[in-house]
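Asks: Predicted model, plus sequence, below.
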Amino acid sequence: MKFIVSSSALLKRLSQVSGVIATNPMVPILENFLFEIIDGELKITASDLHISMSTSIDVESKENGNIAVPAKILLDTLKNLPEQPVTFSIDENTFGIEISADAGKYKLSGESAADFPKLPVIDNEESINMSSDILATAISNTLIAVSNDDIRPAMTGVYVKFTGEHTLFVSTDGHRLVKYVREDIQVDTESSIIIPKKALQLLKSSLPSENSNVIVNYNTAHVHFSFGSISLICRLIDERFPDYSNVIPQDNTNKVGISREALLSSLKRSAIYANKTTHQVRFQIIGSEIQISAEDIDFSNEAVEQLQCEHDGSDIEIGFNARFLIEMLNNITSDNITLTLSEPNRAGLIYPQDLGESEDLLLLVMPVMLSNPVAATPN
Amino acid sequence: MENKSILHLDLDTFFVSVERLKNDDFIGKPILIGGVSDRGVVASCSYEARAFGISSAMPMRMARQLCPEAIVIRGDMESYSYYSKLVTEIIRSQVPLFEKSSIDEFYVDLSGMDKYFGCYKWATELRQQVTKETGLPLSFGLSINKTVSKIATGQAKPNGKLYINQGEEKSFLSPLSIRKIPMVGQNTYQLLRSMGVAKIKTLQAIQAELMERVLGKVGVVIWQKANGIDHSPVEPYYERKSISTERTFDQDTIDLHKLNAILVHMTEELTHKLRKTEKVCGCIAVKIRYTNFDTHTKQLAIPYTSADHQLIPVAKRLLQQVFQRRLRIRLIGVRLSKLVQGTHQIHLFDDQENMLKLYQAMDHLKQKFGTQSVVRAASLGMRFRDFNPFKGDLSE
């Protein structure tokens, strides 16, 4: 088997899928790209057993065939070659690969394509179409709150619930929760899936910059995204997502309206003076003023800032991890936000004020216990 | 480098002196303070008791055999820390920079004061003031560094003072036993004796490299101390990197139920202490010592927390992992480390609101009525000795 391809075009395609390959894969074959040539088209697949991602490129070739190519060597070679046509000659008996370029020849040994894990077949699937912009927004909104804690696998992915009225995207790590609603995606049969974080990260980086259509197929075990020449199949997290709807407070009557930028930069400055591990800051909301204070006792560092806000509710003192708030405020675009609170030991909710017509976004953050709250809790 | 003047103050037989303040009858009699059970050790003893060959850290049983007529007192940490605080306040009022290294020991940096007051004269006056205002005897040593001053205090006792002139450190140390060096414990002493080293003089003559080969890095430090070299500064405040507690049983036990109850109790005590000082910990360790003195520790890094319901299950799990042999246990301990300033980050699913309120209420009660006022039923009756007073006073 022999084919000729542009070095930079191939490198571009390989980079699209190479993120799937784990640094220490469970089986050595997964350190390879699977190359399959069918009628002048080279299909490239990478897999980590849970996720398989593939793309394709036209090549100059007379025959069909397949081979598994060591990913790292191939990528490193192409990265260091100037743009030029390169010829791959593959001995299908010994799995030897020879790459010929202007400068010279490189030999490496591949593996049998038959050893590469087969892609799962998705049957009984539901299928919907989604715009890549919406999908990208949903992913970037929810990815920040996904947990890294393997003890609770359900929370290491984004929960997606399709209903007749809307589609919900929810993520939580127990300290934060993000709920993103799209009213313009409706599915007749109600169902829910949990998509692993890694698949969404890969998807986010490979989604095209110009808006295009993404076909999403899913059943109870897998989800399959396809757009352009890229196809990503991922095994779903087979766990029960925690009951998020019950923990989102409905009665946060204490409302604070504030400029996102002002709050964010104030928090960034205050956090410099907070403890470097716990990042705790204290909010004292009195009348239409928020006082944000932080201290690091070990270094005698201390910061106090005042911010003007629109406040509707009683005065309150509440503690937060500044890092959580900074990440969340950084991740939204609205100029103004509404922060709602109830008690110093109950969740705070952030609502962006400027949102698109058919979308809704809620960010929840749990406070830290304050030992000496000034505003006493009722009852 | 400018020459320093470091003062070391040590209250003589501190616990005994406090007991004598409270009760005149104890004056002039052999007094032992410490655990009264068979497993207890002597925490402090009067000079009259020392005449019988008793020393602190000796098992109480042995001490009573040596001196049956000695008065044994259980000890009252509360009044000891009260008097310790009194002394601290007097020193604080006179001194800008001091270090409280334990409940009855202080280091004071008097560098540069010689010009104006005369360090020795000033220290003598400070000592007189403390004795006058509290009635407690104390000794001091004054020299160019902490180690020499501490050894000098030891030589000055009881109720004395000693000034080591600059340049005379080595000659002061050389006739003393190597046991006088603060870092030389039982094991190191035995080792050095087996090498034929008995006096500091011999140690001074040994090459530092040899000490390093025999004892590692510690050997070099000991060698430096023997030569009167110590550059450690007087630190007014040092960060506690961990808090821990342990308990030796009256009788070795294999009763898992009892072990768990004590573990719960000790963890409760420590977490309360954490919350009181607004700290969270990122690592928990459980230690056990079998009846044959084999000691095993198991630790686990955890997300930063100070909550009982997160730490107690981990402690129990660690005990299960570390307790592998079918042997009786004589000691159990818990340590919380990686302490950082902070309070509990509330969890969306794991924390119930009433639970958080319960913690606050319990901490409030403990603060008001003492740590034993409210405990988990499982740990009821598992009272244990409070923190080791020799590791510095936490309450400040």
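Replies: Now that the structure is in, tell me what you want to look at.

Asks: ok, which residues in the stretch 101-250 of chain A are in contact with chain B?
Replies: For the stretch 101-250 of chain A, the contact set with chain B under Cβ under 8 Å from any Cβ of the partner chain comprises A:Thr172, A:Gly174, A:His175, A:Leu177, A:Pro242, A:Val247. Every C-beta, even on glycine, is put in place using the N, C-alpha and C of the backbone.

Asks: Of the residues you listed, which pair is most distant in space?
Replies: Largest separation among those by Cβ to Cβ: A:His175 and A:Pro242, giving 12.9 Å.

Asks: Give me the mean pLDDT for whichever strand or helix holds B:Arg289.
Replies: Under the criterion DSSP states H and E, the helix or strand holding B:Arg289 is strand B:279-290. Averaged over strand B:279-290, pLDDT sits at 91.

Asks: Quick one: the residues of the stretch 101-250 of chain A next to chain B as JSON lines, columns for distance to A:Ala101 and neighbour count too.
Replies: As requested, those are exported to JSON lines (distance: Cβ to Cβ, whole Å; neighbours: other Cβ atoms under 10 Å in any protein chain shown):
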{"residue": "A:Thr172", "distance to A:Ala101": "50", "neighbour count": "26"}
{"residue": "A:Gly174", "distance to A:Ala101": "52", "neighbour count": "21"}
{"residue": "A:His175", "distance to A:Ala101": "52", "neighbour count": "20"}
{"residue": "A:Leu177", "distance to A:Ala101": "52", "neighbour count": "25"}
{"residue": "A:Pro242", "distance to A:Ala101": "54", "neighbour count": "18"}
{"residue": "A:Val247", "distance to A:Ala101": "58", "neighbour count": "16"}
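
Asks: Filter the residues you listed down to the ones in helices?
Replies: A:Val247 (DSSP state H).

Asks: B:Val148 against B:Lys170, yeah?
Replies: No - B:Val148 is beyond contact range of B:Lys170, at 9.4 Å (criterion: Cβ atoms under 8 Å).

Asks: So between those two, which is more surrounded?
Replies: Using other Cβ atoms under 10 Å in any protein chain shown as the criterion, B:Val148 and B:Lys170 rank with B:Val148 on top: 25 against 15.

Asks: per-domain residue ranges of chain A.
Replies: Split into domains by automatic domain parsing, chain A comes to A:2-115, A:126-245, A:249-365.

Asks: between those, which one is nearest to B:Ala315?
Replies: Nearest to B:Ala315 among the domains of chain A is domain A:126-245; the distance by Cβ to Cβ comes to 17.4 Å.

Asks: what is the rounded mean pLDDT of that closest one?
Replies: For domain A:126-245, mean pLDDT is 93.

Asks: What of stretch B:250-263?
Replies: pLDDT averaged over stretch B:250-263 gives 87.

Asks: can you check stretch B:139-147 too?
Replies: Averaged across stretch B:139-147, pLDDT comes to 89.

Asks: CA atoms of it as PDB?
Replies: The C-alpha trace of stretch B:139-147 is given here as PDB (Å, rounded to 0.1, in the frame of the first residue of the first chain):
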ATOM      1  CA  SER B 139      16.300  30.100  86.200                       C
ATOM      2  CA  PHE B 140      18.000  31.700  83.200                       C
ATOM      3  CA  GLY B 141      21.000  31.300  80.900                       C
ATOM      4  CA  LEU B 142      22.400  34.100  78.800                       C
ATOM      5  CA  SER B 143      24.800  33.600  75.900                       C
ATOM      6  CA  ILE B 144      25.200  34.200  72.200                       C
ATOM      7  CA  ASN B 145      22.700  31.600  71.000                       C
ATOM      8  CA  LYS B 146      19.700  29.500  72.000                       C
ATOM      9  CA  THR B 147      21.500  26.200  72.500                       C
END
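
Asks: Let me see the contact set for the residue in the stretch 251-396 of chain B that chain A sits nearest to.
Replies: With Cβ to the nearest Cβ, the shortest gap between the stretch 251-396 of chain B and chain A falls at B:Gly342, namely 3.1 Å. Residues near B:Gly342 by Cβ atoms under 8 Å, 6 or more residues apart in numbering or on different chains: A:Asn275, A:Thr277, A:Thr278, A:Gln280, A:Val368, B:Glu278, B:Lys279, B:Val280, B:Tyr304.

Asks: Test my guess that the first one contacts A:Val281.
Replies: No - here A:Asn275 does not reach A:Val281: they are 9.8 Å apart, not a contact under Cβ under 8 Å.

Asks: For the two, indicate the residue with more neighbours.
Replies: Per other Cβ under 10 Å, whichever of A:Asn275 and A:Val281 has more neighbours is A:Val281, with 27 against 23.

Asks: check contacts around that one.
Replies: A:Leu267, A:Ser270, A:Ala271, A:Ala274, A:Ile292, A:Ser293, A:Ala294, A:Gly319, A:Phe320, A:Asn321, A:Ala322, A:Leu325 are the contacts of A:Val281 under Cβ under 8 Å, 6+ apart.

Asks: Longest helix in chain B, please.
Replies: For chain B, the longest helix by residue count, based on DSSP H, is helix B:256-276.

Asks: Spatially nearest residue to the closest residue to chain B within chain A, not counting backbone neighbours?
Replies: Nearest residue of chain A to chain B: A:Thr278, at 3.1 Å (Cβ to the nearest Cβ). Spatial nearest neighbour of A:Thr278, excluding adjacent residues (Cβ to Cβ, 6 or more residues apart in numbering or on different chains): B:Gly342 at 3.1 Å.

Asks: Could I get the full set of strands for the stretch 251-396 of chain B?
Replies: B:279-290, B:295-305, B:329-341 (DSSP state E, counting those that start in this stretch).

Asks: swap in the stretch 101-250 of chain A?
Replies: A:105-109, A:126-131, A:157-162, A:167-172, A:176-182, A:191-196, A:213-218, A:222-227, A:230-235.

Asks: Same list, those strands, but as a markdown table with distance to B:Ala315 please.
Replies: Formatted as a markdown table, those follow (distance: least, Cβ to Cβ, whole Å):
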| stretch | distance to B:Ala315 |
| --- | --- |
| strand A:105-109 | 53 |
| strand A:126-131 | 47 |
| strand A:157-162 | 31 |
| strand A:167-172 | 27 |
| strand A:176-182 | 28 |
| strand A:191-196 | 32 |
| strand A:213-218 | 43 |
| strand A:222-227 | 41 |
| strand A:230-235 | 37 |
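
Asks: got the CA positions of whatever helix or strand A:Phe320 lives in in PDB?
Replies: A:Phe320 is part of strand A:316-321, with elements assigned from DSSP H and E. Coordinates of each C-alpha in strand A:316-321 appear next as PDB, following Å, rounded to 0.1, in the frame of the first residue of the first chain:
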ATOM      1  CA  ILE A 316     -26.200  39.900  54.900                       C
ATOM      2  CA  GLU A 317     -22.700  38.600  55.500                       C
ATOM      3  CA  ILE A 318     -21.600  35.600  53.500                       C
ATOM      4  CA  GLY A 319     -18.300  33.800  52.700                       C
ATOM      5  CA  PHE A 320     -17.200  32.400  49.300                       C
ATOM      6  CA  ASN A 321     -14.300  30.800  47.600                       C
END
